[in-house]
Every structure is written in C-alpha cells, then in structure tokens.
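[1] compute the structure for the input listed below.
(one chain, ligands or ions: 1)
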Amino acid sequence: MFKIPFNKPFLTGNETEYIKDAVNSGKISGDGVFTKKCQDFFERTYGFKKVLLTTSCTDALEMAAILIDIKAGDEVIIPSYTFVSTANAFVLRGAKIIFADSGSQHPNIDANKIESLITNKTKAIVPVHYGGIACDMNKIMELAKKYNLFVIEDAAQAIDGYYNNQALGSIGHLSAFSFHETKNIIAGEGGMLVINDERFIQRAEIIREKGTNRSQFFRGEIDKYGWVDIGSSFLPSEIIAAFLFAQLENIKTIQSKRKKIWSNYYNDLKVLEDYGHIKLPQVSEFSTNNAHLFYILLKSEEERDLLIQWLKKNGIWAVFHYISLHKSSFYLKDNPLVNLTNSENYSSQLLRLPLYYDFSVEDQNYVINKISSFFLDK
Ligand SMILES: *Cc1c(COP(=O)(O)O)cnc(C)c1O
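    Numbering: from 1, shown residues only. I've put the predicted structure just below:
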C-alpha cells in the first residue's frame, strides 16, 4: 500500500488507560465523569459559554439547525467549498441552501459577497473556518446584527484557532467542532456543540437527550423526566469521552508538533512558489494558524492530477477534496447551475499533503523531495 499515508490516527498518552477506567467505573453511557472533564476543559480554555459533547460535528450542526428553528423555506448562506454536513444539517430541516463563493486568496467564504445573498427569508450564515483559518468574523457578525440573523460557526477544523484574540467557536451564536480521526484532536468519531447564546442552553440539553429533560432530572432540578420537545440521540458514550480527554491533556504537544510539520512544508516548498510552480497557503492577518491541514495550489486540474499520480507511484497518498457543493448532483436536481469561480478553482487545483502527529522528519523530507522532483527534474 502507501509508504506514506495521508493521515494516521495517533495516541499521545493515556487513551487506552482512560477507556479502561471508564469501562471499570461501571458507567459507560454518556454524560459521565469524562464527558464533564472534556466539557469543562473546553469552556475553561477557550471561553466557550457552554459545551455539549456530541457524537460528531454533523450532529452538532443538526442540533444547531433545530435550535434556531429552521423551517421549510428558510434560507441559509454557506460556502460552496465545504463538507456536505455543513449543508445537510439545514437541508434536513427543510432549508434552502444559498451558496457563497470563496475568496480569491483563501478557500474561506468571501465575507464581501454575503450581503447581496441576504433576502427576507435568510435565517442564518454558516461560515466554515477552512483549515482552521478564521473567516472574517467581524464582518459576518455585523451583517448578522444588521439583518437579525444567526451565525453558526462550522469550526470542525478549527480547534485551538483564534480570530484576533477570540477563540474560533466562541464568536457565533452556536458552533460545531469535530473530533473525527482526521482532525487535530481525535476521538474516532466525535464532536461538540458550543453554545455562546445562553437562550439555547436548556433546549440544547433536551434535544441532545432524545427530546427529554433527563439532564435536569439527573441534576435534581425536577423530580421526573419526560418527553418535552423533538430530539435525537446526540450524546457520545464515556468511552469516546475518555479517549478524547487523554488527547486534551496533550493538546499543547499535539499542536506544536503539527505547527512544526506545517512550517517545514512551507519553508521547504517556498522555492517552488518562487519559481512560479505552485501557490502556498495564506494566513490572513486576523487569524492564527492551527496547522489543521497543509495544501498547495497547482496551476490546473491536469497538473494537480498528474502530481497525485506521481506521488502515488512513489508511495505517497495526497488527496484533493470538496467538489464544490453547488455543482453536486444532489443540489443540481432542484437548482440552476451558477458560477462560483473561486470555489471551483479550489476544487480543481488544491492538493492536501500528508500531515499527522507521527509524521517523521525523514518521511516529510521524502514527500518534499518527491514534490520538488516532479517540477524540477522534467
Ligand atoms: C470534518 C468536517 C465535518 C464533519 O465532521 P464529523 O465529526 O465527521 O461529522 C463538517 N464540516 C467540516 C468543515 C469538516 O471538515
């Protein structure tokens, strides 16, 4: 198979130890000791008002759509260049998705193109912090205020990222994070909903517990619990939370290692940018870089695909992603074809390189050398 995979799930410390503790404690369903420890960590570290662990970021987005009462006919503005879950969560509630283009310098939503898409049916804007790089949140929050809209951050890739001095995920009314094994901090499958607007806290607990007020019951606030709202099973087991907590104890180590790998790519591939072969990622002045992913931009789709083949031949797995959602077969069934040029360009020219915690310097140098020889030895 591949000598260098695209991603490798990693252990940093006590993952299996804590899972053993959870199993031995006799309480392995959700909302036990490890779930609380994880939620407290996030609230304390990033200034989130309230955190609820979920089974995925997709689930957290679905909860957000329920919380803001999305109904048939409501419009939600999201970038076309994103993962399907950003759109699906709202489509499931009957929303009409309005796609916005990416910026010319970065795959993030172009905040300057949002206002012209707002109508009297618009209910929410869902910015996606691509690669953990912040969207222009001041501009987006101003629009939300002016038109009375909700902002839901799809912060799936944005753990430990900052916009100016505010943690990503702490700015919108609601935010969703992912701990899928391809993200910086992992739990296999997992996620969290961040609630920054207090109005949503109580209902979020209910929706996450199958529409019951069981959370209040367990806190002793009510003497019996029952069915009070719609809901589903969105909370993860203690086994997942135990794994996640072990990762959180090592978040600094994980982040500094990823940032080092990211910088190595940037510094060593700079010469190819100077020669005009590729473009390297840009980090806007208002954003930190959480080193979620490293990509290069090729001049054409043909060249990108040739490079993928060349790397594959050398045992390296590099991937592209995000077929622009406005061109997906599902969307085109009921909607006309529109042009979102920047999004389409990222779909055809962006290539993600291997980046994971256990990536050795030797392996990374091997990847860098193979990319260089693709351009320079022909
Ligand atoms: C990974 C990802 C998701 C989905 O996360 P899951 O935890 O797998 O549901 C959603 N949006 C974006 C932008 C992602 O990168």
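
[2] from the chain's centroid, how far away is stretch 16-34?
    Relative to the centre of its chain, stretch 16-34 is centred 26 Å away, using CA atoms, centre = their mean, to the nearest Å.

[3] for stretch 2-20, same thing?
    Taking mean C-alpha positions (CA atoms, centre = their mean), stretch 2-20 and its chain are 20 Å apart.

[4] can you give me the mean pLDDT across that stretch?
    Averaged across stretch 2-20, the pLDDT comes to 95.

[5] for the helix or strand hosting residue 201, buried residues please.
    Element membership of residue 201 [criterion: DSSP states H and E] is helix 201-208. Buried residues in helix 201-208, counted by 16 or more other CB atoms under 10 Å: 203, 204, 205, 206, 207, 208. Placement of C-beta: from N, CA and C, glycine included.

[6] redo those residues as a markdown table? Include distance to the ligand and pLDDT.
    Listed next are the buried residues of helix 201-208 as a markdown table, based on distance: CB to the nearest ligand atom, whole Å; pLDDT from 0 to 100:
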| residue | distance to the ligand | pLDDT |
| --- | --- | --- |
| 203 | 21 | 98 |
| 204 | 17 | 98 |
| 205 | 20 | 97 |
| 206 | 21 | 97 |
| 207 | 17 | 98 |
| 208 | 15 | 97 |
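
[7] can you redo those residues as JSON lines with distance to residue 45?
    Compiled in JSON lines, those are given as follows (distance: CB to CB, whole Å):
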{"residue": "203", "distance to residue 45": "25"}
{"residue": "204", "distance to residue 45": "20"}
{"residue": "205", "distance to residue 45": "21"}
{"residue": "206", "distance to residue 45": "26"}
{"residue": "207", "distance to residue 45": "25"}
{"residue": "208", "distance to residue 45": "22"}
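
[8] pick out the most distant pair among the residues you listed.
    Pairwise distances across the buried residues of helix 201-208 peak at 9.6 Å for 203 and 208 (criterion: CB to CB).

[9] for this protein, what's the longest helix?
    helix 251-274 (DSSP state H).

[10] which helices and strands does that helix pack with?
    Helices and strands touching helix 251-274, by 3 or more CB pairs under 8 Å, 6 or more residues apart in numbering; DSSP states H and E, are helix 361-376.

[11] distance between the helix it packs on and the chain's centre?
    For helix 361-376, the distance to the chain centre is 28 Å (CA atoms, centre = their mean).

[12] all numbers from here: first residue = 37
    Let's use 37 as the start, then, which means that last one is helix 397-412.

[13] in a strand, residue 87, correct?
    Yes: looking at residue 87 with DSSP: H, G, I helix; E, B strand; the rest coil, it is inside a strand.

[14] show me what from the stretch 137-286 of the chain comes close to the ligand.
    Neighbours of the ligand within the stretch 137-286 of the chain, by CB under 6 Å from any ligand atom: 164, 190, 192, 193, 214, 216, 227.

[15] what residues are bridge-paired with the last one?
    Which is residue 227. Here residue 227 sits in beta bridges with residue 90, residue 214, going by DSSP bridges.

[16] name the helix or strand of this protein that has the lowest mean pLDDT.
    Taking mean pLDDT, DSSP states H and E as the measure, helix 250-254 is the helix or strand of the chain with the lowest mean score, a mean of 91.

[17] who's in contact with that helix?
    67, 238, 241, 242, 244, 245, 258, 259, 260, 261 (CB atoms under 8 Å, 6 or more residues apart in numbering).

[18] please name the nearest non-neighbouring residue to the third one.
    Right, residue 241. residue 251 (4.2 Å; CB to CB, 6 or more residues apart in numbering).

[19] find the residue at the geometric middle of this protein.
    The chain has residue 192 as the residue nearest its centroid, 1.7 Å off, counting by CA atoms, centre = their mean.

[20] tell me the secondary structure for that one?
    Recorded secondary structure, residue 192: coil (three-state DSSP).

[21] ok now the longest helix of the chain, how far from the chain's centre?
    Computed by CA atoms, centre = their mean, the chain-centroid distance of helix 287-310 equals 20 Å.

[22] just stretch 370-377 next, same as before
    24 Å.

[23] stretch 385-398 now?
    The chain centre lies 18 Å from the centre of stretch 385-398; the measure is CA atoms, centre = their mean.

[24] which residues touch the residue nearest to residue 291 when sequence neighbours are not counted?
    Closest residue to residue 291 apart from its sequence neighbours, by CB to CB, 6+ apart: residue 196 at 5.6 Å. Counting by CB under 8 Å, 6+ apart, residue 196 touches 82, 168, 203, 220, 221, 287, 291, 326.
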